[in-house]
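*Asks:* Coordinates for the following, if possible.
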Amino acid sequence: MDLRLNTKVLRKGMNLFILLFVAGSVFSIAVTQTALTLAILLWIMIMIRERRLLLSRGPFDYYFLAFAVIGFVSLLFCPDKGSVVNYFKRILLITIVYLFAGNIREKRSVKIILVALSGVMIIFAVIGIWKYMAGVGGLSGRLKLFHHYMTSGGILMIVALITFAFAVVRAPCRVRIVASIGVAVVLLPLVFTFTRSAWLGLLAGMIFMCALQSRKVMIGIGVLVAAFIFLAPSSMKNRAVSAFDPSHPRNVERVYMWKAGAEMIRDNPVTGVGDIDLAKLYDEYRPPESQEIRSHMHNNFIMFGVIWGVPGLLLFLVLFGKILVSEVRVFLSVPQEEWLLRGTALGALGTFAGFHVAGLFEWNFGDAEIVMLFWMTVGLSLAVGRIIARVHEETR
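*Replies:* Here you go, the predicted structure:
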């Protein structure tokens, strides 16, 4: 009796910290990481008390293990052993997948998490809009809801995509209306971040979700894009158009970085250069015309090739291909009437598309705040798959 009681208390505490992790992910990295650490510690304590491993096997286990091994091997050949911090941080964040997949077992838990995520984001979005409009920077300034406008853009993009999913699925009318309003509120500060990669990721994620669920909504997206082009202030239109201008200074600098990254991969094809700050190395490889020195290559694919070599890049492609296939299968397994689970699965797919399209132009895999939300959606997708499988078994 005492064991059951203690385990029950521990589980309640773990669930509370999971919820705090979700809510804090949109406004504080300190709150988020503290809550995540405490949730994992309580999870471990539950496993010790119950004397069993509460780690459900998933479709990515061996890929994650290979991810850890390749990163460790690269670390052995890395001249800067201080990069071990970066390496362990990336590996440890993967536990978020298992934390959510293994402990989110009921539809009610899924609902609470989504309401907390979108609700807190909407509150901070409103605060951000008010501060931005009351500021002195004008509409050409870049909004920083968090410590950096690009981090703000990435987080706003993910929450907007997750919320948008419930405006698309066949949910009750009130849910779709509230979700649509929520998306509109989150979109405004996202536009004010002037983060082009997040804009493109958002558009890609929305189109991908509409293609899977409701192609008619694509017409509405087209209308909104046209309205933005014709009605937005010149500073915003110029920023959007610049994403497709190869002569734009920022785009030219990115091309320099990508070419330098390709040369780094060519010179270090097996182990890469290690998970390090690339500023000094890039200074050696960049062309004389380059005006910037960056610590990364502004592209997820090139970065994995640079830091972990060709094996790391191939694993990155295979792992995320596997995640995409898994998330599509989960989505297709959820009936239309199970709108909560279907919307969650669709939001995970939208996040996948948005994250990787944005990652073509940014090293967003190196931004812990964004990656934690991404891994959360992967874990939620797995949780939805297990919940719906149990529902199917019970209805047989």
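
*Asks:* Quick check, Gly153 in contact with Leu200.
*Replies:* No - under the contact definition of C-beta atoms under 8 Å, Gly153 does not touch Leu200, with a separation of 10.5 Å. Every residue, glycine included, has its C-beta placed from N, CA and C.

*Asks:* who's more crowded, these two?
*Replies:* When neighbours are counted by other C-beta atoms under 10 Å, Gly153 and Leu200 differ, and Gly153 comes out ahead with 32 against 19.

*Asks:* Could you spell out which stretches of the protein belong to which domain?
*Replies:* If you go by automatic domain parsing, the domain ranges for the chain are 1-54, 62-247+293-394.

*Asks:* and the ones you listed, which one's lowest on average pLDDT?
*Replies:* In terms of average pLDDT, domain 1-54 trails the rest of these, at a mean of 85.

*Asks:* Please state the offset of that one from the chain centre?
*Replies:* Once both centres are worked out by C-alpha atoms, centre = their mean, to the nearest Å, domain 1-54 turns out to sit 22 Å from its chain's centre.

*Asks:* Identify, out of the domains of the chain, the most deeply packed stretch.
*Replies:* The densest packing among the domains of the chain, expressed as mean neighbour count by mean count of other C-beta atoms under 10 Å, is seen in domain 62-247+293-394 with a mean of 19.

*Asks:* how far does that one sit from the chain's center?
*Replies:* Taking mean C-alpha positions (C-alpha atoms, centre = their mean), domain 62-247+293-394 and its chain are 4 Å apart.

*Asks:* For the closest residue to Tyr63 other than its chain neighbours, give its distance to Ser214.
*Replies:* Spatial nearest neighbour of Tyr63, excluding adjacent residues (C-beta to C-beta, 6 or more residues apart in numbering): Leu319 at 4.4 Å. Distance of Leu319 to Ser214, computed by C-beta to C-beta, to the nearest Å: 29 Å.

*Asks:* can you check Arg390 too?
*Replies:* 27 Å.

*Asks:* Could you look up the SS state of the residue nearest to Tyr63?
*Replies:* Secondary structure of Leu319, reduced to three states by DSSP: H, G, I helix; E, B strand; the rest coil: helix.

*Asks:* ok, it touching Phe67?
*Replies:* Yes - with contact taken as C-beta under 8 Å, Leu319 and Phe67 are classed as touching, separated by 6.4 Å.

*Asks:* which strands and helices sit next to whichever strand or helix holds Ile158?
*Replies:* Assigned by DSSP states H and E, Ile158 falls within helix 149-168. Counting contacts by 3 or more C-beta pairs under 8 Å, 6 or more residues apart in numbering; DSSP states H and E, helix 149-168 packs against helix 107-134, helix 173-192, helix 196-213, helix 339-358, helix 368-394.

*Asks:* TSV please, covering those and showing distance to Phe304.
*Replies:* What follows is the helices and strands packed on helix 149-168, written out as TSV (distance: least, C-beta to C-beta, whole Å):
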stretch	distance to Phe304
helix 107-134	28
helix 173-192	26
helix 196-213	17
helix 339-358	12
helix 368-394	13
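
*Asks:* Nearest to Lys280 among those would be which one?
*Replies:* Of all the helices and strands packed on helix 149-168, the one in closest proximity to Lys280, counting by C-beta to C-beta, is helix 368-394 (22.5 Å).

*Asks:* which element is Phe316 on?
*Replies:* Secondary structure from DSSP H and E places Phe316 in helix 300-333.

*Asks:* ugh, wrong one, Ala262
*Replies:* For Ala262, the element it lies in under DSSP H and E is helix 249-267.

*Asks:* For Gln33, which residues are in contact?
*Replies:* For Gln33, the contacting residues are Ala368, by C-beta atoms under 8 Å, 6 or more residues apart in numbering.

*Asks:* no, scratch that, I was asking about Glu369
*Replies:* By C-beta under 8 Å, 6+ apart, the residues touching Glu369 are Ser25, Ile29, Thr32, Phe146, Thr151, Gly154, Ile155.

*Asks:* Among the residues you listed, give me the pair with the biggest separation.
*Replies:* The span of the contacts of Glu369, defined through C-beta to C-beta, is set by Thr32 and Gly154 at 13.9 Å.
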